[in-house]
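Trainee: sequence and computational prediction follow.
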Amino acid sequence: MASRTHLNGPAAGAIVAILAALVLAADQFTKYLALRDLPYQQAVPVLGDFFQLYLTKNPGAAFSLGTGVTWVFTLALAAVAIAVVVLTALRVRSRAWAIILGLLLGGVLGNLTDRLLREPGFLVGHVIDFIHTPWMWLWFPSAIYNVADMFIVTMMISVAVLVVIGIRFDGARERRVERTDAATTDAATTDADA
């Protein structure tokens, strides 16, 4: 019997698929509402300058970078989505990894859907952005983003945390002692060879 944190392949795949579908649905539904109800490129204060809605269409990446190579972002999003699916099928057996990769996949699919299906056309569609929090960006140019972006950023941070604390895809935890012992053994072997 598997422990609470260790999953079999189908269970990991189900978690990833369900979470990805939920995030994708939330992202596309909020974009639908934004397109239906918000004026285009006009700030709508919700909490003054702290939180605003601002509908725009982004052909580029973060901060509208790379607007002339939209198709590159489409291919990158597709590659990430494929990598998450393959990784889940072959290696992920950790509940934490399944949750994080499912939420990440949902965010990636949200923006990929825009790139594939929105104007001006297939592979070069503009991503719908509508959330604006000017205070968050300090001295950087203010960004406008969407639900998919929030999941992509927070889940990439979560991936980094899992890597740093040493949780493997199978749910096992790397031990510092093992890494230290391996480094000590390598150093001793090198000294002996010299």
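Mentor: Done, it's in. All values reported here derive from a predicted model rather than from experimental measurement.

Trainee: residue 34 contacts residue 54, correct?
Mentor: No. The pair residue 34 / residue 54 is not scored as a contact, 9.5 Å apart, by CB atoms under 8 Å. (Each C-beta comes from the backbone N, C-alpha and C, glycine too.)

Trainee: let me see the contact set for the residue positioned nearest the centre of the chain.
Mentor: Closest residue to the average C-alpha location of the chain: residue 152 at 2.3 Å, with CA atoms, centre = their mean. Applying CB atoms under 8 Å, 6 or more residues apart in numbering, we find residue 152 in contact with 104, 107-108, 111.

Trainee: and with 7 Å instead?
Mentor: Applying CB atoms under 7 Å, 6 or more residues apart in numbering to residue 152 gives the contacts 104, 107-108.

Trainee: quick revisit: any common contacting residues for residue 34 and residue 54?
Mentor: Residues touching both residue 34 and residue 54 by CB under 7 Å, 6+ apart: residue 130.

Trainee: report the buried residues of the longest helix anywhere in the chain.
Mentor: Criterion DSSP state H: the longest helix present in the chain is helix 9-37. The neighbour-count check on helix 9-37 (16 or more other CB atoms under 10 Å) flags 12-13, 15-17, 19-20, 23-24, 26-28, 30-31, 34 as buried.

Trainee: contacts for the helix or strand harbouring residue 88, please.
Mentor: Assigning secondary structure by DSSP states H and E places residue 88 in helix 70-90. With CB under 7 Å, 6+ apart as the contact definition, helix 70-90 has outside contacts at 9, 12-13, 16, 59-61, 66, 98, 101, 104-105, 108-109, 111-112, 115-116, 123-124.

Trainee: roughly how far is that helix from the heart of the chain?
Mentor: In terms of CA atoms, centre = their mean, to the nearest Å, the centre of helix 70-90 is found 11 Å from the chain centre.

Trainee: for stretch 32-39, C-alpha coordinates in PDB please.
Mentor: Extracted in PDB, the C-alpha atoms of stretch 32-39 (Å, rounded to 0.1, in the frame of the first residue of the first chain):
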ATOM      1  CA  TYR A  32     -14.100  35.500 -21.000                       C
ATOM      2  CA  LEU A  33     -15.500  37.800 -18.300                       C
ATOM      3  CA  ALA A  34     -12.800  40.300 -18.800                       C
ATOM      4  CA  LEU A  35     -13.400  40.500 -22.500                       C
ATOM      5  CA  ARG A  36     -17.100  40.700 -22.000                       C
ATOM      6  CA  ASP A  37     -17.200  43.300 -19.100                       C
ATOM      7  CA  LEU A  38     -14.100  45.400 -19.100                       C
ATOM      8  CA  PRO A  39     -13.300  48.400 -21.300                       C
END
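
Trainee: which neighbouring elements make contact with the longest helix of the chain?
Mentor: Helices and strands touching helix 9-37, by 3 or more CB pairs under 7 Å, 6 or more residues apart in numbering; DSSP states H and E, are helix 70-90, helix 95-117, strand 127-132, helix 147-165.
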